[in-house]
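A.B. asks: Structure of the sequence below:
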Amino acid sequence: MIVDDDLEVLALLKKFFVQHGYQVAVATDGASLWAALAQQLPDLIILDLMLPGDNGLTLCQRLRLLHATPVIMLTAMGELSDRVVGLEMGADDYLSKPFDARELLARVRAVLRRAGENRPLLGEVPRPLIQFAEWQLDVTRRELRSPDQVMIPLSAGEFDLLLVFVEHPQRILSREQLLDLARGHAHDAFDRSIDVQVSRLRRKLEFDTKRPAMIRTVRNGGYLFTPSVTRQ
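C.D. replies: Got it, this is the predicted structure:
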């Protein structure tokens, strides 16, 4: 699903992705997006930031409350604050305009691969559940349950980052390592999106976000996931 109020951009992107084997639906604003989602939920949404009516940030926030569908946000060149806020609202990746359609295609493939690589195949034996500090992460279903068995919603990006942490417990991971492991594509030296994702995870996992005990910040090092991890 591509959401953009620029009809020329919509037409070009739809043609490009169809040529690469994708089925594409389009929307020009929030109203047409919700109408399309009522008919069929897409595997991924490409969402422009600047839209008439509800902007992309507002739509992304509402999407994240209702669905776990991955979202790639399109932002204006150089608007770092918008990209950070977009990640805070639940976007899984972002790309600045103007962009090369081939780079967007690469981002789409990477996000879809991360979202789908843990889905069980027909006849496949499910992977074990991962437990840490009385929390439970179901890798196959991409579900997180709290110690009191409450389902905690995770965006695709939050799930990917948490999976990296539980697969590398009690080990200091730099921001660059986390980006490589969780997102799997090139990034610039000043990419602070991991800090945003960690902040979001802490709000869902930590008792006191001002003094996090589960995901600790290591000065000049990165982050350390402290709990012991077991698999069922």
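
A.B. asks: okay, and for this structure, where does confidence drop off?
C.D. replies: 77-86, 88, 116-128, 183-192 (pLDDT under 70).

A.B. asks: Tell me how it divides into domains.
C.D. replies: For the chain, the structural domains run 2-116, 130-231, going by automatic domain parsing.

A.B. asks: For residue 12, which residues are in contact?
C.D. replies: Residues near residue 12 by CB atoms under 8 Å, 6 or more residues apart in numbering: residue 101. Just so you know, the C-beta spots here come from the backbone N, C-alpha and C atoms, and that holds for glycine as well.

A.B. asks: Show the subsequent helix or strand relative to the lengthiest helix in the chain.
C.D. replies: Counting residues, the longest helix found in the chain (DSSP state H) is helix 101-116. Next helix or strand after helix 101-116 toward the C-terminus (DSSP states H and E): strand 130-132.

A.B. asks: Partner strands of that next one, with direction?
C.D. replies: Strand 130-132 pairs in its sheet with strand 135-138 (antiparallel), strand 229-231 (antiparallel), by DSSP bridges.

A.B. asks: so how far is the last one from its chain's centroid?
C.D. replies: With CA atoms, centre = their mean, to the nearest Å as the basis, the distance from the averaged C-alpha position of strand 229-231 to the chain average is 24 Å.

A.B. asks: Now that strand: buried residues?
C.D. replies: Buried positions in strand 229-231, judged by neighbour count with 16 or more other CB atoms under 10 Å: residue 229.

A.B. asks: Kindly report the same for stretch 93-107.
C.D. replies: Buried residues in stretch 93-107, defined by neighbour count with 16+ other CB under 10 Å: 93, 94, 95, 96, 104, 107.

A.B. asks: Throw those into TSV and include distance to residue 165, thanks.
C.D. replies: Formatted as TSV, these follow (distance: CB to CB, whole Å):
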residue	distance to residue 165
93	19
94	22
95	25
96	28
104	28
107	23
